[in-house]
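> Prediction below, plus the sequence it came from.
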Amino acid sequence: MRSKLGGFTLLELMIVVVIIAILASFAVPAYQRYAQRARRADGKELLMRVAAAQERFYTNFNRYATNPLSAATSLGMSTLTSEQGYYTITSANGPTGDTQSYVLTATPVVGKAQADDQCGGLGLSSTGVKTPIATAMPQNSNGACW
C-alpha cells in the first residue's frame, strides 16, 4: 500500500496564485491613487508657504511680487520646488497684470511619480481660492483635489 504524503497539488497552488493576482489587481491601483493623494500635500504645503511669502511681501511693499521667488527668499526659501521635489511653483499677477493680486500654480514635475496625477496642477489665488488647473476641473467636481 502506498502512503499518502500531505501536500498541495499543482491545481490547488494555481488557484491560490490566481486569487492573489485578482486581489493585487485591485490593491495596486488603489495604493497608487492613495500615494498620489498623499504626495499632493507636498504641493499644497509649497503653495501655502509661497502665499505666506507673498503676503509678507505685500505688507512691506504694498504690492505682490511679480517673481514669487523674490517674495519667498524673505522666508528663507531658495527654490520654488517642493520639499520632496514633486511640484514647482509658477505665478501670474492679476488679470490686467497688476500687482494687487496673484495666482500661484503648483505644477507636477515631469518624470516624477506625481506627473500622472488626475488633478494635475493646483492653484491658489491671493483671495484664497483653491482650485486645480483648468484642465483638471472635471476631476475636482467634488473638491477632491484640494
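Looks like it arrived, so ask away.
> Just the residues contacting the helix or strand of the chain with the lowest mean pLDDT, thanks.
For the chain, counting by mean pLDDT, DSSP states H and E, helix 68-72 ranks last in confidence among helices and strands (a mean of 77). Residues outside helix 68-72 that contact it (CB atoms under 8 Å, 6 or more residues apart in numbering) are 49-50, 53-54, 56-57, 64-65, 77, 79-80, 89-91, 102, 104. Using the backbone N, CA and C atoms, a C-beta is placed for each residue, glycine as well.
> Between those residues, which has the least confident prediction?
Lowest in pLDDT among these is Met77, which has 73.
> Can you name every helix or strand that the top helix by length along the chain contacts?
The residue-count maximum for a helix in the chain (DSSP state H) belongs to helix 10-61. Other helices and strands packing on helix 10-61, by 3 or more CB pairs under 8 Å, 6 or more residues apart in numbering; DSSP states H and E, are helix 68-72, strand 87-93, strand 102-108, strand 122-125.
> what about the first one, distance to the chain center?
Going back to what we said before, that points to helix 68-72. Relative to its parent chain, helix 68-72 has a centroid offset of 21 Å by CA atoms, centre = their mean, to the nearest Å.
> Check stretch 67-79 too.
Using CA atoms, centre = their mean, the offset of stretch 67-79 from its chain centre is 21 Å.
> which parts of it are buried?
68, 71-72, 77 (16 or more other CB atoms under 10 Å).
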